[in-house]
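**Q** One predicted model, sequence on top.
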Amino acid sequence: MTELFLILFLGTSILVVLEDDLLNALVFLALGSLVLIILVYLYMALDVALTFAVVNSAATTILFLVVIKKMEVKR
């Protein structure tokens, strides 16, 4: 089971690097983070999984969306 999540995480990480569109890259990054959260949860590190979920879903995603929006304004 762990190997499946590690392969999914590797796949989403490769998609983030190869994607040209920033919004699609952000979606792949969020998907990869979700896979990593599930993997940490399976290892019974519930506090780490909860903290990572809150930080990733709220702070990181909003920060990247704001940066992408400001970059499009300058173009």
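**A** On my side now, so go ahead.
**Q** Just checking the distance from stretch 22-35 to the centre of its chain.
**A** 4 Å (C-alpha atoms, centre = their mean, to the nearest Å).
**Q** How about stretch 17-35?
**A** Remark: stretch 17-35 is offset 6 Å from the chain centroid, using C-alpha atoms, centre = their mean.
**Q** in that stretch, what's buried?
**A** Neighbour counts over stretch 17-35 (16 or more other C-beta atoms under 10 Å) mark 25-35 as buried. For glycine as for every other residue, the C-beta is placed from the backbone atoms N, C-alpha and C.
**Q** Which of those residues sits closest to residue 72?
**A** Proximity of these to residue 72 (C-beta to C-beta) peaks at residue 26, which lies at 12.9 Å.
**Q** dump the residue contacts of the closest one.
**A** Contact partners of residue 26, counting by C-beta atoms under 8 Å, 6 or more residues apart in numbering, are 61, 64-65, 68.
**Q** What is the three-state secondary structure of it?
**A** Secondary structure for residue 26, judged by DSSP: H, G, I helix; E, B strand; the rest coil, is helix.
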